[in-house]
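Visitor: could you work out the structure for the sequence below:
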Amino acid sequence: MANIIKALYNRNYRIFFTGQGLSVIGTWMQNIALSWLSYRLTDSALMLGWVAFMGQIPNFVLAPFAGVWLDRFGKRRVLIVTQLLSLMQASLLAWLTLHDRIGIEHILFLSLFLGCVNAFDVPARHAISVEMMDTQEERQNAIALNSVTYNMARLMGPLIAGILIPLIGEGYCFLLNVISYCISLVSLVALRLKSVSSKQFHNNLLEHFKEGYAYTFKQLPLRNILVLLGIISLTAMPYTVLLPVFVSKNLGASAGTMGFLMAVSGCGSLLAALAIAARSEFQGLEKLLVVAATTIGIALIGFMLSASLWLSAILMFILGIGFLIQVVGSNTLLQCMVDDSMRGRVMSFYTMILMGIGPIGSLLAGFLTSQIGVVYTLAVGGVCSLAGAFYFGRHLSVFRVQACPIYVRSGSLSSQDECRF
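Guide: Numbering: from 1, shown residues only. Reported below is the predicted structural model:
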């Protein structure tokens with residue numbers, strides 16, 4: 001148990017963990033409510049894809065440049081601004097919905113606005129939590145606990161939203177998210193962090209972007225991690241966007257069932273996150289990335305056979321485990337390889353791949369669903385995930401050899417003698 005909560009002994013991280021945990025619960029409530037509201041207003045799978053596209057495509061365009069700002073001007077300053085803007089977005093969404101003035105055009109615009117904010121917010125959160133830690137082991141534990149926070153929220157947020165939507169409507173889910181942002185802002189102000197000087201930066205923003213791009217994509221281990229994550233993000237992660245269609249058309253159920261399935265997926269992710277948090281060793285996670293991608297592929301194909309709630313719940317549980325290992329394993333390996341001076345830029349590329357490619361996949365998945373149906377669209381994503389696992393697995397031995405000196409340069413290992421091939 002002590003290994004699992006090691007990072008929480010750090011005062012700053014404990015405050016950050018609490019504030020972000022409550023905020024992410026509110027965010028998941030808003031995501032589920034917004035997805036259900038969009039489908040209720042339009043009865044269109046394609047429009048669900050468009051909503052997801054508008055909310056995430058800014059990550060693809062802006063996130064790489066956001067990393068430059070993070071490395072230059074400090075993460076907390078950026079986070080306070082992004083949380084304030086997110087609070088404004090949720091407030092407007094709540095007001096429009098509660099006054100029955102919401103339309104799909106409002107949802108699309110507000111999704112785009114929040115996507116632009118998240119392009120700066122997400123990499124900042126990933127980077128700041130790691131920089132609070134003093135040792136590599138604590139940093140690895142903080143990364144895993146971030147995922148515990150995220151998946152506890154993924155468990156509770158959809159469950160609460162699934163209960164509230166039929167009872168009082170989507171607007172109150174948005175209003176609760178407003179409150180969660182207020183708590184997050186208080187926690188950020190309470191942090192005691194060392195001031196960050198920008199004097200070390202002598203080049204312009206474009207040169208710093210090029211430097212970060214070369215550092216990230218010219219090293220095979222970093223590049224292959226992001227390629228596999230990109231395949232999963234493009235073809236497999238859109239399953240969350242298609243869930244309202246699957247629940248409505250294939251299970252004949254309601255928002256409560258969708259919330260239940262998302263909560264089951266969150267349970268799987270939470271268990272996987274706790275298992276990774278208990279690990280004291282980051283080497284070996286590269287094997288788990290192959291296993292995770294394979295698991296995701298098999299589970300998505302399994303939806304072709306699923307016509308019952310319980311089989312769907314089992315598949316969602318497996319998907320929760322697979323996606324958590326894929327996302328957290330990739331995050332952990334990248335953070336163990338990167339120098340502190342490059343952390344913001346590398347994590348911005350991670351955010352671009354994880355969240356920026358997703359909207360393209362969501363739009364494609366919405367189109368495919370309208371043409372071939374939801375279960376076959378999920379199966380296509382499963383096949384692509386298996387192909388990604390095969391690609392990464394073929395290069396695994398080269399990955400380990402080239403990753404070893406990178407671990408040493410970043411300080412994750414003291415010497416190459418500690419590398420295990």
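
Visitor: okay, Phe399: pLDDT?
Guide: Listed pLDDT for Phe399 reads 86.

Visitor: tally of neighbours for it?
Guide: Look at Phe399: counted by other Cβ atoms under 10 Å, it has 21 neighbours. Every residue, glycine included, has its C-beta placed from N, CA and C.

Visitor: now do the contacts for it.
Guide: By Cβ atoms under 8 Å, 6 or more residues apart in numbering, the residues touching Phe399 are Leu220, Pro221, Asn224, Glu286, Phe392.

Visitor: so it: helix, strand or coil?
Guide: At Phe399 the chain is in helix, as set by DSSP: H, G, I helix; E, B strand; the rest coil.

Visitor: can you tell me the helix or strand for Ile321?
Guide: Under the criterion of DSSP states H and E, Ile321 resides in helix 309-337.

Visitor: check which element follows that helix along the chain.
Guide: Remark: after helix 309-337, the chain's next helix or strand is helix 343-351, criterion DSSP H and E.

Visitor: now Leu242, nearest residue through space, not along the chain?
Guide: Take Leu242 and drop its neighbours on the chain: the residue closest to it by Cβ to Cβ, 6 or more residues apart in numbering is Val374, 5.3 Å away.

Visitor: now do the helix holding Ile321: which elements does it pack against?
Guide: Contacting helix 309-337 under the criterion 3 or more Cβ pairs under 8 Å, 6 or more residues apart in numbering; DSSP states H and E are the following elements: helix 104-131, helix 136-168, helix 220-235, helix 255-277, helix 285-302, helix 343-351, helix 396-410.

Visitor: quick check: which of those is buried the most?
Guide: helix 343-351 (a mean of 27; mean count of other Cβ atoms under 10 Å).

Visitor: beyond that helix, next helix or strand please.
Guide: Scanning forward in sequence from helix 343-351 by DSSP H and E, the next helix or strand is helix 358-372.

Visitor: alpha carbons of that next one, as CSV, please.
Guide: Provided in CSV are the C-alpha atoms of helix 358-372 (Å, rounded to 0.1, in the frame of the first residue of the first chain):
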residue,chain,number,x,y,z
GLY,A,358,-8.6,11.1,-31.8
PRO,A,359,-11.0,13.6,-33.3
ILE,A,360,-10.0,12.5,-36.8
GLY,A,361,-10.8,8.9,-35.8
SER,A,362,-14.1,10.0,-34.2
LEU,A,363,-15.2,11.7,-37.4
LEU,A,364,-14.2,8.7,-39.4
ALA,A,365,-15.9,6.4,-37.0
GLY,A,366,-19.1,8.4,-37.1
PHE,A,367,-19.1,8.2,-40.9
LEU,A,368,-18.3,4.5,-41.0
THR,A,369,-21.1,3.9,-38.4
SER,A,370,-23.6,5.6,-40.7
GLN,A,371,-22.5,3.3,-43.6
ILE,A,372,-21.7,-0.1,-42.1
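
Visitor: would you mark the buried spots in it?
Guide: Judged by neighbour count (16 or more other Cβ atoms under 10 Å), helix 358-372 contains these buried residues: Gly358, Pro359, Ile360, Gly361, Ser362, Leu363, Leu364, Ala365, Gly366, Leu368, Thr369, Ser370.

Visitor: could you list every helix and strand in contact with it?
Guide: Judged by 3+ Cβ pairs under 8 Å, 6+ apart, helix 358-372 is in contact with helix 45-73, helix 220-235, helix 239-245, helix 374-394.

Visitor: closest one to Leu324 among the helices and strands packed on helix 309-337?
Guide: Leu324 sits nearest to helix 255-277 of all the helices and strands packed on helix 309-337, at 3.9 Å, using Cβ to Cβ.

Visitor: quick one: which of the buried residues of helix 358-372 is nearest to Met54?
Guide: Distance ranking of the buried residues of helix 358-372 against Met54, using Cβ to Cβ, places Pro359 first at 7.4 Å.

Visitor: I'd like the contacts of Phe399 as CSV, with pLDDT and distance to Arg409 appended.
Guide: Formatted as CSV, the contacts of Phe399 follow (pLDDT from 0 to 100; distance: Cβ to Cβ, whole Å):
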residue, pLDDT, distance to Arg409
Leu220, 88, 15
Pro221, 89, 12
Asn224, 92, 18
Glu286, 88, 18
Phe392, 91, 23
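
Visitor: just give me the closest of those to Met347.
Guide: Taking Cβ to Cβ as the measure, Met347 lies nearest Pro221 of the contacts of Phe399, at 15.7 Å.

Visitor: grab the nearest non-local neighbour of Asn331.
Guide: Ile143 (5.5 Å).

Visitor: okay, the nearest residue to Asp121 once chain neighbours are set aside: pLDDT?
Guide: Closest residue in space to Asp121, ignoring its immediate chain neighbours: Thr82 at 3.7 Å, by Cβ to Cβ, 6+ apart. On the pLDDT scale, Thr82 is placed at 90.

Visitor: from the contact counts, what lies against whichever strand or helix holds Thr82?
Guide: Thr82 belongs to helix 75-98 when assigned by DSSP H and E. Helix 75-98 sits against helix 11-42, helix 45-73, helix 104-131, helix 170-190, with contacts defined as 3+ Cβ pairs under 8 Å, 6+ apart.

Visitor: picking that back up, same list, the buried residues of helix 358-372, but as TSV with pLDDT and distance to Ala7 please.
Guide: TSV is the format used below for the buried residues of helix 358-372 (pLDDT from 0 to 100; distance: Cβ to Cβ, whole Å):
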residue	pLDDT	distance to Ala7
Gly358	74	28
Pro359	73	31
Ile360	80	34
Gly361	82	32
Ser362	76	33
Leu363	76	37
Leu364	84	38
Ala365	83	36
Gly366	78	38
Leu368	86	41
Thr369	82	40
Ser370	80	45
